[in-house]
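Visitor: What would the 3D arrangement of this be:
(one chain, ligands or ions: 2)
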Amino acid sequence: MRAFSAPSKALLAGGYLVLDANYSSFVIALSPRMGATINSNPNGPTNTIFVQSPQFKGKWSYTYKDGVLSSLGKRNPFIESTMEAVFAFLSPSTFHCINITIYSDPEYHSQENTITRFSNNRRKFLFHEKDISKVPKTGLGSSAGLVTVLTTALLADFSKIDLESKTDLRTIHNLAQIAHCKAQGKIGSGFDVASATFGSIVYRRFDPMQIDGVAFEQRQIKDVVLQDWKMVAEKCALPEGIKLLMGDVMGGSETPKLVSKVLQWRRDRPEESLGVWKKLDEANMSLIENLNELAISSNYTDLLHFMSLHSVNSIAKLDHTSKDFLKSKPLLNVISSFQHIRKQLRIMGEKSGADIEPRSQTELLNECSDIPGVIGGVVPGAGGFDAICLLVVRSAIDDIIQTTKKNPAFDSVTWLDLEEESEGVQEENVQSYLFAE
Ligand SMILES: Nc1ncnc2c1ncn2[C@@H]1O[C@H](COP(=O)(O)OP(=O)(O)OP(=O)(O)O)[C@@H](O)[C@H]1O
Ligand SMILES: C[C@@](O)(CCOP(=O)(O)O)CC(=O)O
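Guide: Ligands and ions are numbered 1, 2, ... in the order given. Next comes the predicted model:
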C-alpha cells in the first residue's frame, strides 16, 4: 500500500484576473490535505477499481475493459472523470483489482455532526453523518485536492513517477486539470488544481483552448497531456515569521454568480474595466515583490518585531522620526499593497454589482487594521461572504486571537486551524492513514 496527499489553497491575490492568461496570481498552499491510499489486491476481480471515502460513507466501483471505463452503482463526477482521464492516458491491459481510500482533513468541510478519529495519534479525521454532496464545504478546494491526489496515486500504481521531477508533476497537473474541468463542466482558471499539484505558486493559467473538446481517448489525451501548456507555476512561500490566518465568516457565496457579473461588466465596459484590471494587477504584483523584498531585508527581524507591536492604523499615524525607521522599506510597501488590492476589488465589486468585498467584510478587515501584528488582509479568491485571509506576524498570533475574542465585531469569525504548507502533492507514510479499527 502507498499513500499520497495534496494540499488545499487560498488565492491571496489575483481573483478574477487569473481567469485571463495575461495576469498572474498568488496562491498559497495550505496545511489541510486530501489523502489517498492505494493498493492492488491479487484476490479481487481483475480490471476493477474500488474507491471509498469512509468519512462520508462513500463507495464507488469501476471496471475497465477494452478501453472503456464503466461506473457501477453510485456516481461521483470528480472520481469518475479522474479515472477516465488516467485510464485513457495509461490504457492498461489486464490489472489486479485496485483499492483506493480517500481521506480528507477536517478543515475542508463544516465540522457539525461529526465523530473524530485519529490515526497514529497524529492525523485527525472527522466522520460525517451525511453524504459528501450534502456536507457544506469551506472553499479550500476539496475537489481539486481529490482529483490531484487520485491522479497521482493511480499513475504511481501503474508506472514509476517521481514527485521531484518537473516533467512528472506536469503530467499529473495536466491530467488532473482535464479531469477537474470535465467534472465541473466549466473551465475556471485552474489555480486550485495547480496549487494542489505544485504547492504555493505564482500562477498564470493555461490557454483554455488547450483542453477544449479533449476526449478521454488514448491518442488524443496523450497528445494533449504531453504538450507544453505554456502556463506558469513558479514555486514560492511566505517569508518565515509571517503566518497566514484564515477566518471562516460562515456566510457563503456563489462563485459562479460573482464571476459572471464581473465578466459581464468587463464585456460591457472594456475600457473602464481594463483600468481596474491594470491597477489591481500592479497591486497584486507589488504584494508578491514586496513580500520577497521584506524577507531579504537586512533588518527583517526588527521589522517584524516592530509590526508585532503596532497596528496598520497606528503605523499610519506615526511621526516622521519613527517612520524613518521604516521609510522606503518593504514592510510599508506590503501594507500599502494590501490596501491597494482591497481598493481595486471594492471598485470592481461596485462597478460590476458583484459583492466582492461586501460592507460586512470591509468592516471586519478594517477592524483588523487596528490589531498589532496584522500586516494586511483580503477577501480571498472570488471574495464574498466566505472568509477573510490575513497575513500576520507569527510571534503575535496568540495576542491577535485574544484581541479578536474580546471584540464583538469578530463574533461571526472562526479562525481556522491551518498554516501555509508550501509543498504540493507528495508521498506520505502509509501509517498516517491507518486506523486501529
Ligand atoms: N473527501 C471526499 N470524498 C469524496 N468526494 C469528495 C471529497 N471531497 C470532495 N469530493 C467531491 O468534490 C465535490 C465538491 O467539489 P467542489 O468543487 O464543489 O468544492 P470545493 O472544491 O471544496 O470548493 P471550492 O472550489 O469552492 O474551493 C463533492 O461533491 C465530491 O463530489
Ligand atoms: C474568481 C476566481 O478567479 C477565483 C475563485 O476562487 P475561490 O473559488 O473563491 O477560492 C475564479 C477562478 O480563478 O477560477
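
Visitor: For the rest of this, base every contact and every neighbour count on C-alpha atoms.
Guide: Noted.

Visitor: mind checking how far residue 367 is from ligand 2?
Guide: Distance from residue 367 to ligand 2, counting by Cα to the nearest ligand atom, to the nearest Å: 22 Å.

Visitor: The one residue in the stretch 251-400 of the chain that gets nearest to ligand 1: how many residues sit nearby?
Guide: The nearest approach of the stretch 251-400 of the chain to ligand 1 comes at residue 255, 7.3 Å away (Cα to the nearest ligand atom). Burial of residue 255 is recorded as 16 neighbouring residues (other Cα atoms under 10 Å).

Visitor: In this structure it contacts residue 382, no?
Guide: Yes. Judged on Cα atoms under 8 Å, residue 255 makes contact with residue 382 at a distance of 6.1 Å.

Visitor: tell me the contacts of the residue of the stretch 251-400 of the chain closest to ligand 1?
Guide: Counting by Cα atoms under 8 Å, 6 or more residues apart in numbering, residue 255 makes contact with residue 382.

Visitor: Quick check: it vs residue 356, distance?
Guide: According to Cα to Cα, to the nearest Å, residue 255 and residue 356 sit 10 Å apart.

Visitor: anything in contact with each of those two?
Guide: Residues touching both residue 255 and residue 356 (Cα under 8 Å, 6+ apart) are residue 382.

Visitor: lowest average confidence, helix or strand, in this protein?
Guide: Using mean pLDDT, DSSP states H and E, helix 320-324 stands out as the lowest-scoring helix or strand of the chain, at a mean of 70.

Visitor: after it, next one along is what?
Guide: Counting by DSSP states H and E, the next helix or strand C-terminal to helix 320-324 is helix 330-352.

Visitor: Check what pLDDT the closest residue to residue 429 other than its chain neighbours gets.
Guide: In this structure, residue 429 finds its nearest non-sequential neighbour in residue 3, 6.4 Å apart by Cα to Cα, 6 or more residues apart in numbering. What the model reports for residue 3 is a pLDDT of 97.

Visitor: Using CSV, write out every CA atom in the helix or strand harbouring residue 3.
Guide: Here residue 3 sits within strand 2-13, counting by DSSP H and E. Taking C-alpha atoms only, strand 2-13 is exported to CSV below (Å, rounded to 0.1, in the frame of the first residue of the first chain):
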residue,chain,number,x,y,z
ARG,A,2,1.2,3.5,-0.8
ALA,A,3,-0.2,6.9,0.4
PHE,A,4,-0.2,10.3,-1.2
SER,A,5,-1.6,13.7,-0.3
ALA,A,6,-2.3,17.1,-2.0
PRO,A,7,-2.8,20.5,-0.3
SER,A,8,-5.7,22.9,-0.1
LYS,A,9,-5.4,26.5,-1.2
ALA,A,10,-6.1,30.2,-0.6
LEU,A,11,-6.0,32.6,-3.6
LEU,A,12,-4.4,35.6,-1.8
ALA,A,13,-4.1,37.8,-4.8
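
Visitor: Please name the strands paired to it in the sheet, noting orientation.
Guide: Strand 2-13 has the following sheet partners, assigned by DSSP bridges: strand 25-41 (antiparallel), strand 426-428 (antiparallel).

Visitor: What residues sit buried inside the shortest one?
Guide: The reference is to strand 426-428. Of the residues in strand 426-428, 426, 427 count as buried by neighbour count, 16 or more other Cα atoms under 10 Å.

Visitor: try stretch 211-229
Guide: So, applying 16+ other Cα under 10 Å, buried residues of stretch 211-229: 211, 215, 216, 217, 218, 221, 222, 224, 225, 229.

Visitor: quick one: which helix or strand includes residue 83?
Guide: Residue 83 is part of helix 77-90 when elements are defined by DSSP H and E.

Visitor: For that helix, give the mean pLDDT please.
Guide: On average, helix 77-90 scores 96.

Visitor: now what about that helix, what contacts it?
Guide: 67, 69, 71, 143, 146-147, 150-151, 154-155, 158, 175-176, 178-180, 182-184, 216-219, 221-222.

Visitor: Take these and keep only those in strands.
Guide: Taking DSSP state E as the definition of strands, the contacts of helix 77-90 contribute 69, 71.

Visitor: and the contacts of helix 77-90, which are buried?
Guide: By neighbour count, with 16+ other Cα under 10 Å, these hold 67, 69, 71, 143, 146-147, 150-151, 154-155, 175-176, 178-180, 182-183, 216-218, 221-222 as buried.

Visitor: packing partners for the strand or helix carrying residue 278?
Guide: Here residue 278, judged by DSSP H and E, is contained in helix 270-296. Helix 270-296 is packed against strand 25-41, helix 255-268, helix 330-352, with contacts defined by 3 or more Cα pairs under 8 Å, 6 or more residues apart in numbering; DSSP states H and E.

Visitor: Could you identify which of the ones you listed is most buried?
Guide: strand 25-41 (a mean of 25; mean count of other Cα atoms under 10 Å).

Visitor: where does residue 52 land in three-state SS?
Guide: Assigned by DSSP: H, G, I helix; E, B strand; the rest coil, the conformation of residue 52 is strand.

Visitor: What residues are recorded as beta-bridge partners of it?
Guide: residue 59, residue 101.

Visitor: can you list contacts of stretch 98-117?
Guide: Contacts for stretch 98-117 (Cα under 8 Å, 6+ apart): 8, 32-41, 47-55, 124-129, 135-142, 146, 416-418, 433, 435.

Visitor: For the buried ones among those residues, write the corresponding ChimeraX selection.
Guide: Those of these that count as buried under 16+ other Cα under 10 Å are selected in ChimeraX with:
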select :8,32,33,34,35,36,37,38,39,40,41,47,48,49,50,51,52,53,55,124,125,126,127,128,135,137,138,139,140,141,142,146,433
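
Visitor: mind checking the end-to-end distance for stretch 364-378?
Guide: Across stretch 364-378, first to last residue, Cα to Cα, it's 10 Å.

Visitor: buried residues in that stretch?
Guide: So for stretch 364-378, counting by 16+ other Cα under 10 Å, buried means 364, 365, 368, 369, 371, 372, 373, 374, 375, 376, 377, 378.

Visitor: quick one: contacts for residue 68?
Guide: Applying Cα under 8 Å, 6+ apart to residue 68 gives no contacts.

Visitor: what does residue 222 give?
Guide: Listed by Cα under 8 Å, 6+ apart, the contact partners of residue 222 are residue 89.

Visitor: For residue 254, see how far away it is.
Guide: Counting by Cα to Cα, the gap from residue 222 to residue 254 is 34 Å.

Visitor: Just confirm residue 194 is within a helix.
Guide: Yes. In this structure, residue 194 lies within a helix as judged by three-state DSSP.

Visitor: who in the stretch 101-250 of the chain is up against ligand 1?
Guide: With Cα under 6 Å from any ligand atom as the criterion, the stretch 101-250 of the chain comes near ligand 1 at residues 102, 103, 104, 132, 133, 137, 139, 140, 141, 142, 143, 144.

Visitor: Burial check on the last one, number of neighbours?
Guide: It refers to residue 144. Applying other Cα under 10 Å, I find that residue 144 has 29 neighbouring residues.
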